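In: Quick one: sequence and predicted model below, then my questions.
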Amino acid sequence: MPTPDELAAKAIGERIQTIRERTGKSRDVIAGLVGRSPDWLRDVERGRLKNPPPLDLLLRIGQALGVRDLTEITGDHELLVGVSRHAGHPVVPAIREAIESVHLTPSPSPIDPAELRARVERAWRLWHTSTTPRADAGAMLPALIRDGRRAVRTLEGSERRAAAAALSGAYALSEQVLAWVADAPLLWLAADRCMSAAEDADDPVTLAAASWVLGNVWRATGREDDAYQLAADAVALLKPRLDGDQDAQALWGACQLHGAITAAKLGREGDALRGIDHAMGMARALPAGSAHPWTLFGIANTEISAVSVQVELRKSGGALDAASIVDPDAVPSVDRRARLWLELARAYSQQRDWFGTLGALRTGASVSEESMRCHPLARSLAGELVTRGGKIISRDSRALATQLGVTA
């Protein structure tokens, strides 16, 4: 983060731009997180607005930038406003309470680790199959997290390790639910708890799954090199278990995909394409219909990741070619099906094909409006359509922006 001296005498917009650039965050992502267009944020940074953003928007910008208090943006040292407890979805407060609460006296009622695992797997199935995954799966998480924590505290031996593995799965799902709709500290805490529970489970497959979760958070928060190395370490951890263990095989493939997308973000095209190739080989080797409950790794998800890799490499033509072989109906997760259309929209926007961008975004919203509303890239693209798409699609662009909660 910039030092106070670096920000001294700067206007609010200049402070926002300095903090954003020093933390490696793009204008598109920050604009999407606050529900505005990239052009609006550019005008803020360059002081082109008649008045500075109101307090509520400054708070949202501060949260998106990860500042500790609003004075880093305003420069007004009499205004100390914390911005660390963001809730961009109704399920966030209850999940926060379950994760952050402290219970010194455990309940004596027994918890069956097998039943706990079955409940966690049901929550994951709901996450993948619901058109409102955050609302539906998120509603199950507080009780799962509380019961999992209680089980780990009260059980011993193999039962405790089984409960810890289930609890790791609950925290992993909470990371998926909280991504983009909660503040970074809570997201980090969920991922850290996921890894800690996996360590208590003392199981290589659970540890690799937790690495997949933590790596997603690292990649999303500017630690791409660390995320890539963690994926590689998880792949190595699983290698001795690949003979006949389908969960290990599926997670090995999922970690290859995670590493491929991360490598693409780093501009390492060779590593990215090798990761996709390795994952596809494993996906084709797995029995039809087999899937790890968290990742749903398989051929369809590998094909979607190939699209994402091309988009991250800014090879829009390659992304569209990769997307042409994907059967959306074969994608086993509604959220990821919506993400496929978001990746297509990104590819079209790289080509300045606003008709294609609009069509892909609208299709994604028809698959899961909640998923698109919650993703900053979808909101950013919707705002970009309003400001750059031209008059011929202006009405449809504004309707879509309103649907996704964007104010241009």
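Out: Noted; the coordinates are in hand. Numbers count the residues shown, from 1 in each chain.
In: only C-alpha atoms for contact and neighbour calcs from this point on.
Out: Will do.
In: first to last residue in stretch 39-58, what's the distance?
Out: Start-to-end span of stretch 39-58 (Cα to Cα, to the nearest Å) is 16 Å.
In: ok, now stretch 145-163?
Out: 11 Å.
In: pLDDT averaged over that stretch, what's the number?
Out: Average pLDDT, stretch 145-163: 95.
In: So for it, what gets flagged as buried?
Out: 145-152, 154-155, 159-163 (16 or more other Cα atoms under 10 Å).
In: Can you give me the neighbour number for residue 243?
Out: Residues contacting residue 243 under the criterion other Cα atoms under 10 Å number 9.
In: Specify the local secondary structure of it.
Out: Here residue 243 is coil, with the state taken from DSSP: H, G, I helix; E, B strand; the rest coil.
In: Quick check, pLDDT for it.
Out: So, for residue 243, pLDDT stands at 92.
In: Contacts only, for it.
Out: Residues counted as contacts of residue 243 (Cα atoms under 8 Å, 6 or more residues apart in numbering): none.
In: right, and the helix or strand after the helix or strand of the chain with the lowest mean pLDDT?
Out: Ranked by mean pLDDT, DSSP states H and E, the weakest helix or strand in the chain is helix 4-7, scoring a mean of 56. Note on helix 4-7: by DSSP states H and E, the next helix or strand toward the C-terminus is helix 12-22.
In: quick one: which of the buried residues of stretch 145-163 sit in helices?
Out: 145-152, 154, 159-163 (DSSP state H).
In: Distance to residue 367 added to the residues you listed, as a markdown table?
Out: Converted to a markdown table, these look like this (distance: Cα to Cα, whole Å):
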| residue | distance to residue 367 |
| --- | --- |
| 145 | 29 |
| 146 | 32 |
| 147 | 33 |
| 148 | 32 |
| 149 | 34 |
| 150 | 37 |
| 151 | 37 |
| 152 | 38 |
| 154 | 42 |
| 159 | 40 |
| 160 | 39 |
| 161 | 38 |
| 162 | 35 |
| 163 | 34 |
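In: between the residues you listed, which is closest to residue 396?
Out: residue 145 (41.9 Å; Cα to Cα).
In: The closest one reaches residue 97, doesn't it?
Out: No: under the criterion of Cα atoms under 8 Å, residue 145 makes no contact with residue 97, lying 10.0 Å away.
In: Tell me where the model's unsure across this structure.
Out: The chain contains residues with pLDDT under 70 at 1-9, 55-56, 69, 76-87, 106-107, 408.
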